[in-house]
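Engineer: Requesting a structural model of the entry that follows:
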Amino acid sequence: MRNYRFNRQRGRAGTRPGEFAGPAAADPRLLRERMARQLQARGISAPDVLSAVKAVPRHLFVQEALAAQAYEDTPLPIGHGQSISQPYLVALMSELLQLKPGMRVLEIGTGSGYQAAILAALGCTVFTVEHLRDLYRNASSLLRNLGFRTIYPHLGDGTLGLPDAAPFDRIIVTACGPEIPEPLVDQLDENGILLVPVGSRTRQNLKRLRKTGGRLTLEDLDPVVFVDLVGVHGR
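Structural biologist: Numbering: from 1, shown residues only. Next up, the predicted model:
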(Lines give C-alpha, C1' and ligand atoms only; values in the text may rest on other atoms or scores of the structure.)
Protein backbone atom coordinates (compact mmCIF):
# COMPACT_ATOMS: atom_id res chain seq x y z
CA MET A 1 0.00 0.00 0.00
CA ARG A 2 1.37 3.36 -1.03
CA ASN A 3 1.41 6.31 1.34
CA TYR A 4 0.10 9.68 0.14
CA ARG A 5 0.15 13.16 1.55
CA PHE A 6 -3.49 13.82 2.33
CA ASN A 7 -3.29 17.57 2.81
CA ARG A 8 -5.90 20.22 2.20
CA GLN A 9 -6.03 23.96 2.69
CA ARG A 10 -7.71 25.19 5.84
CA GLY A 11 -11.45 25.42 5.67
CA ARG A 12 -13.53 27.27 8.22
CA ALA A 13 -11.80 28.91 11.16
CA GLY A 14 -10.55 26.42 13.75
CA THR A 15 -10.57 23.47 11.33
CA ARG A 16 -7.33 21.64 10.56
CA PRO A 17 -6.78 20.00 7.14
CA GLY A 18 -8.64 16.70 6.82
CA GLU A 19 -10.96 17.33 9.81
CA PHE A 20 -14.74 17.59 9.83
CA ALA A 21 -16.19 20.86 11.09
CA GLY A 22 -19.15 21.36 13.38
CA PRO A 23 -21.00 18.99 15.72
CA ALA A 24 -20.54 16.01 13.40
CA ALA A 25 -16.75 16.25 13.77
CA ALA A 26 -14.99 12.90 14.08
CA ASP A 27 -11.64 11.33 13.31
CA PRO A 28 -11.76 10.40 9.59
CA ARG A 29 -9.25 7.60 10.16
CA LEU A 30 -11.60 5.90 12.60
CA LEU A 31 -14.52 6.44 10.25
CA ARG A 32 -12.58 4.81 7.41
CA GLU A 33 -11.75 1.86 9.65
CA ARG A 34 -15.42 1.49 10.50
CA MET A 35 -16.42 1.78 6.84
CA ALA A 36 -13.92 -0.93 5.88
CA ARG A 37 -15.39 -3.25 8.53
CA GLN A 38 -18.88 -2.61 7.17
CA LEU A 39 -17.73 -3.36 3.63
CA GLN A 40 -16.10 -6.56 4.82
CA ALA A 41 -19.39 -7.55 6.46
CA ARG A 42 -21.09 -7.03 3.09
CA GLY A 43 -18.68 -9.41 1.36
CA ILE A 44 -15.69 -7.33 0.29
CA SER A 45 -12.82 -9.67 1.09
CA ALA A 46 -9.74 -8.51 -0.86
CA PRO A 47 -7.27 -7.24 1.77
CA ASP A 48 -5.67 -4.76 -0.63
CA VAL A 49 -9.04 -3.19 -1.49
CA LEU A 50 -9.95 -2.86 2.19
CA SER A 51 -6.55 -1.28 2.86
CA ALA A 52 -7.10 1.21 0.03
CA VAL A 53 -10.50 2.15 1.45
CA LYS A 54 -8.86 2.82 4.82
CA ALA A 55 -6.12 4.91 3.20
CA VAL A 56 -8.07 7.26 0.92
CA PRO A 57 -9.91 10.16 2.66
CA ARG A 58 -13.34 10.05 1.00
CA HIS A 59 -14.49 13.18 2.86
CA LEU A 60 -12.09 15.27 0.76
CA PHE A 61 -13.82 14.11 -2.44
CA VAL A 62 -17.30 15.36 -1.50
CA GLN A 63 -18.73 18.83 -1.06
CA GLU A 64 -17.78 20.38 2.29
CA ALA A 65 -21.42 20.57 3.38
CA LEU A 66 -21.70 16.78 2.93
CA ALA A 67 -18.39 15.82 4.55
CA ALA A 68 -20.10 14.43 7.66
CA GLN A 69 -21.90 11.91 5.41
CA ALA A 70 -18.79 10.86 3.51
CA TYR A 71 -18.37 7.53 5.32
CA GLU A 72 -21.96 6.44 5.07
CA ASP A 73 -22.57 3.74 2.46
CA THR A 74 -24.43 5.99 0.08
CA PRO A 75 -23.77 7.97 -3.12
CA LEU A 76 -23.52 11.73 -2.71
CA PRO A 77 -24.01 14.57 -5.23
CA ILE A 78 -20.90 16.31 -6.54
CA GLY A 79 -22.65 18.84 -8.80
CA HIS A 80 -23.58 18.93 -12.50
CA GLY A 81 -26.06 16.08 -12.01
CA GLN A 82 -23.23 13.69 -11.08
CA SER A 83 -22.47 11.76 -7.91
CA ILE A 84 -19.69 9.97 -6.07
CA SER A 85 -20.57 6.26 -5.96
CA GLN A 86 -21.39 4.58 -2.67
CA PRO A 87 -18.30 3.06 -0.99
CA TYR A 88 -19.58 -0.51 -1.41
CA LEU A 89 -19.87 -0.13 -5.18
CA VAL A 90 -16.40 1.44 -5.45
CA ALA A 91 -14.92 -1.41 -3.40
CA LEU A 92 -16.87 -4.08 -5.30
CA MET A 93 -15.78 -2.81 -8.71
CA SER A 94 -12.19 -2.51 -7.54
CA GLU A 95 -12.32 -6.11 -6.33
CA LEU A 96 -13.94 -7.38 -9.53
CA LEU A 97 -11.11 -5.88 -11.60
CA GLN A 98 -8.65 -8.33 -9.98
CA LEU A 99 -5.92 -5.71 -9.93
CA LYS A 100 -2.20 -6.17 -9.44
CA PRO A 101 0.36 -3.43 -8.68
CA GLY A 102 1.85 -1.95 -11.81
CA MET A 103 -1.21 -2.47 -14.00
CA ARG A 104 -2.30 0.25 -16.40
CA VAL A 105 -5.94 1.10 -15.79
CA LEU A 106 -8.26 3.28 -17.88
CA GLU A 107 -11.16 4.83 -15.98
CA ILE A 108 -14.08 6.35 -17.87
CA GLY A 109 -15.85 8.95 -15.73
CA THR A 110 -13.46 10.67 -13.33
CA GLY A 111 -16.23 12.39 -11.39
CA SER A 112 -14.88 13.37 -7.97
CA GLY A 113 -11.64 11.43 -8.50
CA TYR A 114 -12.31 9.01 -5.62
CA GLN A 115 -12.36 5.81 -7.67
CA ALA A 116 -9.14 6.86 -9.41
CA ALA A 117 -7.55 7.46 -6.01
CA ILE A 118 -8.54 3.96 -4.84
CA LEU A 119 -7.04 2.45 -8.00
CA ALA A 120 -3.81 4.39 -7.50
CA ALA A 121 -3.69 3.33 -3.84
CA LEU A 122 -3.82 -0.24 -5.13
CA GLY A 123 -0.56 0.42 -6.99
CA CYS A 124 -1.95 1.02 -10.49
CA THR A 125 -1.14 3.67 -13.05
CA VAL A 126 -4.48 5.30 -13.78
CA PHE A 127 -5.58 7.14 -16.92
CA THR A 128 -8.95 8.74 -16.22
CA VAL A 129 -11.27 10.58 -18.61
CA GLU A 130 -14.00 13.10 -17.70
CA HIS A 131 -16.24 14.93 -20.17
CA LEU A 132 -17.37 17.70 -17.81
CA ARG A 133 -14.76 20.45 -17.63
CA ASP A 134 -15.51 21.61 -14.07
CA LEU A 135 -15.32 18.09 -12.64
CA TYR A 136 -12.13 17.43 -14.60
CA ARG A 137 -10.51 20.58 -13.17
CA ASN A 138 -11.68 19.92 -9.62
CA ALA A 139 -10.58 16.29 -9.59
CA SER A 140 -7.25 17.04 -11.26
CA SER A 141 -6.43 19.72 -8.71
CA LEU A 142 -7.49 17.61 -5.72
CA LEU A 143 -5.59 14.50 -6.82
CA ARG A 144 -2.48 16.56 -7.47
CA ASN A 145 -2.72 18.28 -4.08
CA LEU A 146 -3.18 14.95 -2.33
CA GLY A 147 0.10 13.70 -3.74
CA PHE A 148 -1.11 11.18 -6.32
CA ARG A 149 1.53 10.97 -9.03
CA THR A 150 0.35 7.92 -10.97
CA ILE A 151 -3.04 9.37 -12.00
CA TYR A 152 -3.29 11.09 -15.38
CA PRO A 153 -6.59 12.97 -15.85
CA HIS A 154 -7.89 13.76 -19.34
CA LEU A 155 -10.77 15.89 -20.57
CA GLY A 156 -12.77 14.38 -23.41
CA ASP A 157 -15.22 11.77 -24.66
CA GLY A 158 -14.57 8.70 -22.54
CA THR A 159 -16.49 6.41 -24.91
CA LEU A 160 -13.59 6.84 -27.34
CA GLY A 161 -11.06 5.77 -24.71
CA LEU A 162 -7.47 6.94 -24.98
CA PRO A 163 -6.03 5.27 -28.08
CA ASP A 164 -2.67 7.03 -27.76
CA ALA A 165 -2.13 5.45 -24.32
CA ALA A 166 -3.58 2.01 -25.13
CA PRO A 167 -3.52 -0.89 -24.54
CA PHE A 168 -4.74 -1.14 -20.94
CA ASP A 169 -4.65 -4.08 -18.54
CA ARG A 170 -7.96 -3.02 -17.03
CA ILE A 171 -10.77 -0.65 -18.03
CA ILE A 172 -13.48 0.53 -15.63
CA VAL A 173 -16.51 2.56 -16.70
CA THR A 174 -18.40 4.44 -13.99
CA ALA A 175 -21.39 5.52 -16.07
CA CYS A 176 -24.03 3.52 -17.93
CA GLY A 177 -24.67 3.38 -21.66
CA PRO A 178 -26.91 1.20 -23.85
CA GLU A 179 -24.00 -1.01 -24.96
CA ILE A 180 -20.29 -1.61 -24.39
CA PRO A 181 -18.33 1.02 -26.35
CA GLU A 182 -16.38 -0.77 -29.08
CA PRO A 183 -13.30 1.51 -28.82
CA LEU A 184 -12.86 0.40 -25.20
CA VAL A 185 -12.93 -3.26 -26.21
CA ASP A 186 -10.31 -2.54 -28.87
CA GLN A 187 -8.05 -0.81 -26.30
CA LEU A 188 -8.18 -3.70 -23.82
CA ASP A 189 -4.93 -5.67 -23.71
CA GLU A 190 -4.65 -9.45 -23.90
CA ASN A 191 -5.75 -11.04 -20.59
CA GLY A 192 -7.45 -7.76 -19.79
CA ILE A 193 -10.71 -7.09 -17.95
CA LEU A 194 -13.29 -4.42 -18.82
CA LEU A 195 -15.93 -3.63 -16.18
CA VAL A 196 -18.92 -1.61 -17.37
CA PRO A 197 -22.58 -1.02 -16.46
CA VAL A 198 -24.91 -1.52 -19.43
CA GLY A 199 -28.64 -0.94 -19.83
CA SER A 200 -31.35 1.69 -19.75
CA ARG A 201 -31.68 4.53 -17.28
CA THR A 202 -33.96 2.40 -15.11
CA ARG A 203 -32.54 -1.11 -15.61
CA GLN A 204 -28.77 -1.64 -15.56
CA ASN A 205 -26.41 -4.53 -15.00
CA LEU A 206 -22.71 -4.61 -14.30
CA LYS A 207 -20.86 -6.61 -16.96
CA ARG A 208 -17.33 -7.98 -16.91
CA LEU A 209 -15.64 -8.63 -20.22
CA ARG A 210 -12.43 -10.62 -20.46
CA LYS A 211 -10.06 -10.82 -23.43
CA THR A 212 -8.17 -14.11 -23.54
CA GLY A 213 -6.40 -15.57 -26.56
CA GLY A 214 -8.03 -12.94 -28.71
CA ARG A 215 -11.49 -14.13 -27.63
CA LEU A 216 -14.00 -12.20 -25.57
CA THR A 217 -16.11 -13.64 -22.76
CA LEU A 218 -18.85 -11.68 -21.02
CA GLU A 219 -20.28 -12.13 -17.53
CA ASP A 220 -23.49 -10.58 -16.23
CA LEU A 221 -23.01 -9.45 -12.64
CA ASP A 222 -25.01 -7.32 -10.20
CA PRO A 223 -27.80 -4.84 -10.97
CA VAL A 224 -26.54 -1.27 -10.46
CA VAL A 225 -27.58 2.35 -10.93
CA PHE A 226 -25.21 4.83 -12.62
CA VAL A 227 -25.49 8.20 -14.30
CA ASP A 228 -25.52 8.35 -18.11
CA LEU A 229 -22.43 7.53 -20.13
CA VAL A 230 -22.26 10.52 -22.48
CA GLY A 231 -20.41 10.38 -25.79
CA VAL A 232 -20.31 9.10 -29.34
CA HIS A 233 -20.69 5.50 -28.14
CA GLY A 234 -22.90 6.36 -25.15
CA ARG A 235 -26.25 8.10 -24.83
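Engineer: gap between the residue positioned nearest the centre of the chain and D228?
Structural biologist: Per Cα atoms, centre = their mean, the C-alpha nearest to the average position across the chain is that of Q115, at 1.8 Å. For Q115, the distance to D228 equals 17 Å [Cβ to Cβ, to the nearest Å]. Where you see a C-beta, it was placed from the backbone N, CA and C, and this is true even at glycine.
Engineer: for this structure, which spans come out with low pLDDT?
Structural biologist: Residue ranges of the chain with pLDDT under 70: 1-25.
Engineer: need the helices for it, in chain order.
Structural biologist: Using DSSP state H, the helices of the chain run over 28-41, 47-55, 87-96, 114-121, 133-145, 182-186.
Engineer: Same list, the ones you listed, but as CSV with distance to K211 please.
Structural biologist: Putting the helices of the chain into CSV (distance: least, Cβ to Cβ, whole Å) gives the following:
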stretch, distance to K211
helix 28-41, 29
helix 47-55, 23
helix 87-96, 15
helix 114-121, 19
helix 133-145, 28
helix 182-186, 8
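Engineer: and the ones you listed, which is most packed in?
Structural biologist: Most buried of the helices of the chain, by mean neighbour count (mean count of other Cβ atoms under 10 Å): helix 114-121, with a mean of 26.
Engineer: Which other helices and strands does that helix contact?
Structural biologist: For helix 114-121, the packing partners by 3 or more Cβ pairs under 8 Å, 6 or more residues apart in numbering; DSSP states H and E come out as helix 47-55, helix 87-96, strand 104-108, strand 125-130, helix 133-145, strand 151-155.
Engineer: Need the residues that contact it.
Structural biologist: 1-2, 4, 49, 51-53, 55-56, 58, 61, 84-85, 90-91, 93-94, 99, 105, 107, 110, 126, 128, 139, 143, 146, 148, 150-151, 153, 172, 174 (Cβ atoms under 8 Å, 6 or more residues apart in numbering).
Engineer: I'd guessed I172 sits against L97; true?
Structural biologist: Yes - using Cβ atoms under 8 Å, I172 is in contact with L97, at 6.2 Å.
Engineer: what do those two both touch?
Structural biologist: V105, L195.
Engineer: V196: neighbour count?
Structural biologist: When counting by other Cβ atoms under 10 Å, one arrives at 25 neighbours for V196.
Engineer: For it, name its beta-bridge partners.
Structural biologist: K207 (DSSP bridges).
Engineer: That one contacts I180, doesn't it?
Structural biologist: Yes - between V196 and I180 a contact is recorded at 5.6 Å, counting by Cβ under 8 Å.
Engineer: can you list residues touching both of the two?
Structural biologist: Joint contacts of V196 and I180 (Cβ under 8 Å, 6+ apart) are K207, L209.
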